[in-house]
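Q: requesting a structural model of the entry that follows:
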Amino acid sequence: MNFRRLLFVPLLVMTLLTSVLAGVAVAVDIGEPVEYDLTFPVDGPHYFSDTFWAGRSHGFHEGQDIMADKMVPIVAVSDGVVRLVNWTSRQSMNPDRCCSLVLRHDDGWESWYIHLNNDTPGTDDGQGWGIVEGITPGTRVTAGQHIAWVGDSGNAENVAPQLHYELHDPSGTIVNPYRALVAAGGNDVGTGDRDPLVGGARVLALGVVGYDVRVLQQILTNLGYSVGTIDGRFGASTEAAVKAFQSAFGITPDGRVGRTTKTALAGLSFSDPTGDILSVGSTGPRVVELQDLLKEKGYDAGPSDGVFGPSTLAAVIAFQKAERLWVDGLVGSATLRALGAAPAVSDPGDDASDPGDGSSDDSSDDGSDDASDDTTNDVVETLRLGSRGPAVEELQALLASKGYRPGPSDGVFGTKTRTAVVAFQTDEGLTSDGLVGPATMKALGDAPVSGGDSTASTDILSTGSRGVQVVVLQDRLSDEGYKVGPHDGVFGPLTHAAVIAFQRNKNLVPDGKVGPRTRGALGIL
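A: Below is the predicted model of the structure:
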């Protein structure tokens, strides 16, 4: 079979298949990324990143949050007719439910504007009206016409002002408008498209439907597992394929795709541009050598054809499990040494981490970023290409907070993260080797990585706390729409105020301290 790069190529293929032109087609799945001509909805200073699929208290985010100050003008993204104001088509407009607006475009698509202003200017009294006078159900508007103002109504009352923007296709399917907003000239401060599978918050299981399921099915198919039709529907065949994949990796085969299974899939998407670490899709003489070595050890790697495909992957995984190596399907120096081959370089690569049995469990995974699975085993003194886990996720958060683009904060040290590290090291006058040791971490404003965080994940964070755990806290609060100031790893007054606001919004004790319950609500256990 043709074996394509597991994650990035399927995403590219899916992008080519699903991108649409305005008014020409409808989406296939919820969350499908689309290209759609529109006028950017916020007419003033703002910023946003791709938050579709991000974790929220109700599950996952189904839109884009565009952050801006109160009373910044909001405009129509397209010619069309206002269908609903405050969720009614009546002229009474439900003033007690202020404020939201639904615009039906002339081509049948719809834009949903949520969290519009509901305060008297300069106050937070909930007595204002955030929709321009004369804009009522049935009003015809033109693209770029002023229709409303940014606010904090609804469940944004205790967070930063924002416009929650949704785009629905003519069938009613909610799509991901991120690319359309970027193309419209929006101030994107994120790291590009959020991966719907690895970066998505929801657990995939029997009965779930969506674009993230379609991406999962494509990856499993490329791995040689039969999912039936790639249709974005998590049916019995997909569940069976997931269980088979989990069994191969020593994950409890419960058929649920949570954080642990997603991490395993993310590892398989790794591609080392130097060629030092062999992975699915690698080709050449070193793969032939790998296949021969596996056969000598009694593992069926398929023909020695120099193509790292499904048979070679299965053999590598079986060998790693038997040797109690890190079970990730990547062949770095530790796996090569165990096979009796000399590593290509001294870089420990993928499997230099804790030589445990790699076993882990998705059965209780609720989609939160917990540290109960196998990603906690791979913290090493120096982070580098191929490293994975919470320490890498925190590194990515630090780089992003300083304006670099390390890719999604998924805990996988891939090529984007390495490029961001090298750029940072160059700017700081450090050795630009892409290796993250004490000097680079110090320059990033955090304590050196030494087998764990400067603040353990079980500690209570409060005013005065410092380190990567605070950066993660600030990143999650910001993702939820709270203003924390700079993501500098310092728990100061702004972070304290944001924590209290979050706690109040979640009906937690508003003490400004981040313990297990607040961590759980934020998804950073």
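Q: helix or strand right after the least confident helix or strand in the chain by mean pLDDT?
A: Taking all helices and strands of the chain together, the one with the lowest average confidence (mean pLDDT, DSSP states H and E) is helix 8-18, at a mean of 41. As assigned by DSSP states H and E, the chain's next helix or strand after helix 8-18 is strand 55-56.
Q: neighbouring strands for that following strand, and are they parallel or not?
A: Paired with strand 55-56 in the same sheet, following DSSP bridges, are strand 59-60 (antiparallel).
Q: which residues touch the partner strand?
A: Outside of strand 59-60, the residues within contact range by CB atoms under 8 Å, 6 or more residues apart in numbering are 53, 54, 200, 201, 202, 367. C-beta coordinates here come from the backbone N, C-alpha and C atoms, glycine included.
Q: which of those residues sits closest to residue 110?
A: Nearest to residue 110 among the contacts of strand 59-60 is residue 53, at 20.3 Å by CB to CB.
Q: for the stretch 201-350 of the chain, what are the low-confidence residue spans?
A: Along the stretch 201-350 of the chain, segments meeting pLDDT under 70 span 263, 267, 269-274, 326-327, 342-350.
Q: same thing but 90
A: Within the stretch 201-350 of the chain, the ranges that satisfy pLDDT under 90 run 201-202, 222-224, 246-252, 258-282, 308-337, 340-350.
Q: next, the contact list for residue 126, please.
A: Residue 126 makes contact with 118, 119, 153, 157 under the criterion CB under 8 Å, 6+ apart.
Q: measure residue 99 to residue 498 for me?
A: In this structure, residue 99 and residue 498 are 24 Å apart, going by CB to CB, to the nearest Å.
Q: hmm, I typed the wrong one, I wanted residue 49.
A: Residue 49 is 18 Å from residue 498, by CB to CB.
Q: who has more neighbours, these two?
A: More crowded of residue 49 and residue 498, by other CB atoms under 10 Å: residue 498, with 24 against 20.
Q: tell me who's in contact with the more buried one.
A: The contact partners of residue 498, by CB under 8 Å, 6+ apart, come to 477, 482, 483, 484.
Q: what about 6 Å?
A: Shown in contact with residue 498 (CB atoms under 6 Å, 6 or more residues apart in numbering): 477, 482, 484.
Q: and residue 461, by the same measure?
A: 473, 491, 514.
Q: the last one: neighbouring residues, count only.
A: Applying other CB under 10 Å, we find 27 other residues in the vicinity of residue 514.
Q: now do the phi/psi pair for it.
A: Backbone torsions for residue 514, taken as degrees, to the nearest 10, come to phi -100, psi 100.
Q: domain-wise, how is the protein divided?
A: Here the domain parsing of the chain from automatic domain parsing is 1-24+203-361, 55-183, 379-437, 468-522.
Q: would you reformat those as TSV and include distance to residue 32?
A: Shown next, in TSV, are the domains of the chain (distance: least, CB to CB, whole Å):
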stretch	distance to residue 32
domain 1-24+203-361	5
domain 55-183	5
domain 379-437	18
domain 468-522	22
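Q: which of those domains sits closest to residue 443?
A: domain 379-437 (4.7 Å).
Q: so residue 76 touches residue 140, yeah?
A: No: contact between residue 76 and residue 140 fails when scored by CB atoms under 6 Å: they sit 9.8 Å apart.
Q: who has more neighbours, those two?
A: Counted by other CB under 10 Å, residue 76 and residue 140 do not tie: residue 76 has more neighbours, with 25 against 11.
Q: quick check: that one vs residue 472, distance?
A: 38 Å.
Q: and if you look at residue 47?
A: For residue 47, the distance to residue 472 equals 20 Å [CB to CB].
Q: more neighbours: which of these two?
A: More crowded of residue 47 and residue 472, by other CB under 10 Å: residue 472, with 26 against 14.
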